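> Next input, structure requested:
(one chain, ligands or ions: 1)
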Amino acid sequence: MEKRNERQVILFPLPLQGCINPMLQLAKILYSRGFSITIIHTRFNAPKSSDHPIFTFLQIPDGLSESQTQSRDVLLQLTLLNNNCESPFRECLAKLIKPSSDSGTEERKISCLIDDSGWVFTQSVSESFNLPRFVLCAYKFSFFLGHLLVPQIRREGFLPVPDSEAEDLVHEFPPLRKKDLSRIMGTSAQSEPLDSYLHKIIEATKPASGLIVMSCEELDLDSLTESNKVFSFPIFPIGPFHIHDVPASSSSLLEPDQSCIPWLDKHETRSVIYVSLGSIASLNESDFLEIAYGLRNTNQTFLWVVRPGSVHGRDWIESLPSGFMESLEGKGKIVKWAPQLDVLAHRATGGFLTHNGWNSTLESICEGVPMICLPFVWDQFVNARYISEVWRVGIHLEGRIERREIERAVIRLMVESEGEKIRDRIKVLRDEVRRSVKQGGSASRSLDELVDRISIRAA
Ligand code: UDP
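Residues are numbered from 1 along each chain as shown. Purely as a prediction, here's the structure:
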């Protein structure tokens, strides 16, 4: 029997759905290896502790006002969180490490802190407590290495990209095309805060004890090899976290609509296109309507997640013309939030129109569901290029949110022989990635190394 309490790990997720999911999945993996888990989290987007009774949750104040929590400007939110959370985090850590003398308890031996690369103050805090810090990279690793390139690319004057060069590859950052750059790097007004934040991320990562990567050699070999030139610490690509052999549990901030599953049960195998743009992306009303009409015109069955507030100026889907849902004759279902892992694993799901967040991309690969790529920001452009041009397991919409383009992409994927070839390729990729977390696979070996490394201090 493992002495769980002697091997404690502290985790500190960024309060975004796409960062909370991997961190809690990592927590389950480490728990299954005998570590006790303490999660420090902000009040904003606090994870539901009742869904994870095996972990200890400690909340810290984050200082965000109500309007700041509603902001669509994620860079601003992350900057504010980093400014506001340092002292509360330090105090919380101090109490964990050095319980007060009157409690009679001895100073605790904590194995390490694991926190998201987007926290830029935690390295100095953990150093002050002599606590090893491991950084979690929840992006595709090639994009994380790309953090180094963004300011350089900006300095070298790639932007604005002339139309004649839009399709050219960015030699420093393949498989990106030059037209992706301006959308990743934002407007010139955003350039200073973005470049400065990226710089801080890299500088706060370099002195860490190691980097835990939610990817594997099968998906990221080139950049993992390249990383030796940049980082001197060990890197642990332990694969997609959610396919490790640990009990499933939800870390959704919104309540998943479980009616999706009995609804899918009624449909034929691989007949439904699932549509979700993740937890942050939002649409203007006309783009929302183009997607709606595009889906309807395919005459294919669709399951569409529209988060409340994700259509600008609207509460939910009230801009759909009256009679729209009825006109679908049961071929469409719209929900506020879906149990996405179950939806993708369902035999009726045949394709995924996605924004290509890294979690969604990995979840789709692991279920062998081919994709239609509609990236909105940031790493999503890199993921979409890998999907459409390197692994060739999806179709890129190239930002065209137009009903005919959407209809055409869905038909190509769901009906035409091109879709069959894409489906065959993603099954091969799925099998390779799933093999990586099985005993002896690259990601499984990496996890063993990580556990050994963390355990040294607890021994
Ligand atoms: N997700 C979900 N239900 C939904 C939509 C998304 O459970 O209806 C989950 C999805 O499985 C993924 C996460 O939310 O784990 C979204 O993360 P991702 O990196 O794909 O995108 P982000 O939300 O960060 O843009």
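> Number of residues surrounding the closest residue to the ligand within the stretch 1-150 of the chain?
The stretch 1-150 of the chain approaches the ligand most closely through residue 18 (2.1 Å), counting by Cβ to the nearest ligand atom. Using the backbone N, CA and C atoms, a C-beta is placed for each residue, glycine as well. Around residue 18 there are 17 other residues, counting by other Cβ atoms under 10 Å.
> Tell me which helix or strand it sits in.
Assigned by DSSP states H and E, residue 18 belongs to helix 17-32.
> Then residue 95?
For residue 95, the host element (DSSP H and E) is helix 74-97.
> Any part of that helix near the ligand?
No: Helix 74-97 is not in contact with the ligand by Cβ under 6 Å from any ligand atom; minimum separation 9.1 Å.
> and residue 188, what pLDDT?
Residue 188 carries a pLDDT value of 66.
> Mind giving me the packing neighbours of the helix or strand following the helix holding residue 95?
Where DSSP H and E defines the elements, the next helix or strand beyond helix 74-97 is strand 110-116. Other helices and strands packing on strand 110-116, by 3 or more Cβ pairs under 8 Å, 6 or more residues apart in numbering; DSSP states H and E, are strand 8-12, helix 17-32, helix 74-97, helix 122-128, strand 133-137, helix 442-458.
> tell me the mean pLDDT over the helix holding residue 18?
Here the average pLDDT along helix 17-32 is 97.
> Tell me the buried residues in that helix?
Across helix 17-32, burial judged by 16 or more other Cβ atoms under 10 Å covers 17-31.
> distance of the closest residue to the ligand within the stretch 301-450 of the chain from residue 137?
Relative to the ligand, the nearest point of the stretch 301-450 of the chain is residue 357 (2.2 Å; Cβ to the nearest ligand atom). For residue 357, the distance to residue 137 (Cβ to Cβ, to the nearest Å) stands at 14 Å.
> Which stretches in this structure count as strands?
8-12, 36-42, 56-60, 110-116, 133-137, 210-213, 235-237, 272-276, 301-305, 332-335, 349-354, 371-373, 394-396 (DSSP state E).
> Output the below-cut-off pLDDT ranges for this protein.
1-5, 100-108, 187-190, 457-459 (pLDDT under 70).
> Return the residues of it in contact with the ligand.
For the chain, the contact set with the ligand under Cβ under 6 Å from any ligand atom comprises 16-18, 21, 252, 256, 276, 278-280, 305, 337-338, 340-341, 357-360, 363.
> thinking again about what came up before, could you look over the helices and strands packed on strand 110-116 and pick the most buried one?
Among these, the stretch with the highest mean neighbour count (mean count of other Cβ atoms under 10 Å) is strand 133-137, at a mean of 25.
> Might one say that the residue of the stretch 1-150 of the chain closest to the ligand is in contact with residue 278?
Yes: counting by Cβ atoms under 8 Å, residue 18 does reach residue 278; the two are 6.6 Å apart.
> Now the common contact residues for the two.
357, 359 (Cβ atoms under 8 Å, 6 or more residues apart in numbering).
> Pull up the gap between residue 284 and the ligand, please.
Using Cβ to the nearest ligand atom, to the nearest Å, residue 284 is found at 18 Å from the ligand.
> To residue 237, which of the helices and strands packed on strand 110-116 lies closest?
Checking those against residue 237 by Cβ to Cβ gives helix 442-458 as the closest, at 5.4 Å.
> coming back round to it: let me have the strands of the chain in a markdown table, extended by distance to residue 173.
Shown next, in a markdown table, are the strands of the chain (distance: least, Cβ to Cβ, whole Å):
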| stretch | distance to residue 173 |
| --- | --- |
| strand 8-12 | 29 |
| strand 36-42 | 32 |
| strand 56-60 | 36 |
| strand 110-116 | 22 |
| strand 133-137 | 17 |
| strand 210-213 | 18 |
| strand 235-237 | 19 |
| strand 272-276 | 27 |
| strand 301-305 | 30 |
| strand 332-335 | 36 |
| strand 349-354 | 22 |
| strand 371-373 | 17 |
| strand 394-396 | 17 |
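> With respect to residue 450, which of these lies nearest?
So among the strands of the chain, strand 235-237 is nearest, using Cβ to Cβ, at 4.2 Å.
> circling back to that earlier point, how many neighbouring residues does the residue of the stretch 301-450 of the chain closest to the ligand have?
With other Cβ under 10 Å as criterion, residue 357 counts 28.
> Disregarding flanking residues, what is the spatial nearest neighbour of residue 328?
Among residues not flanking residue 328 along the chain, residue 296 sits closest, at 6.2 Å (Cβ to Cβ, 6 or more residues apart in numbering).
> my guess is the one you found contacts residue 326, does it?
No: counting by Cβ under 8 Å, residue 326 is not a contact partner of residue 296; they are 11.3 Å apart.
> Give me the more crowded residue out of those two.
residue 296 (20 against 8).
> mind listing what residue 269 touches?
Here residue 269 is in contact with 347-348, 350 (Cβ under 8 Å, 6+ apart).
> Which of the residues you listed are buried? Put it as a ChimeraX command.
ChimeraX command restricting the contacts of residue 269 to the buried ones, with burial defined by 16+ other Cβ under 10 Å:
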select :348,350
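> Closest one to residue 198 out of the contacts of residue 269, please.
So of the contacts of residue 269, ranked by how close each gets to residue 198 (Cβ to Cβ), first place is residue 350, at 37.6 Å.
> Next up, the contacts around the residue nearest to the closest one when sequence neighbours are not counted.
In this structure, residue 350 finds its nearest non-sequential neighbour in residue 270, 3.3 Å apart by Cβ to Cβ, 6+ apart. Contact analysis of residue 270 by Cβ under 8 Å, 6+ apart lists 347-351, 414, 423.
> how about these in a markdown table, adding distance to residue 317?
Formatted as a markdown table, those follow (distance: Cβ to Cβ, whole Å):
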| residue | distance to residue 317 |
| --- | --- |
| 347 | 27 |
| 348 | 22 |
| 349 | 21 |
| 350 | 23 |
| 351 | 21 |
| 414 | 23 |
| 423 | 30 |
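> that older thread, out of the buried residues of helix 17-32, the closest to residue 214 would be?
Relative to residue 214, the closest of these is residue 22; by Cβ to Cβ it sits at 5.2 Å.
> What separation do you get for the closest residue to the closest one other than its chain neighbours and residue 208?
Leaving aside its sequence neighbours, residue 22 sits nearest to residue 138 (Cβ to Cβ, 6+ apart; 4.5 Å). Counting by Cβ to Cβ, the gap between residue 138 and residue 208 amounts to 15 Å.
> Between the two, which is the more surrounded one?
residue 138 (29 against 23).
> my read: the more buried one touches residue 20, true?
No: applying Cβ under 8 Å as the test, residue 138 and residue 20 come out as separate, 9.7 Å apart.
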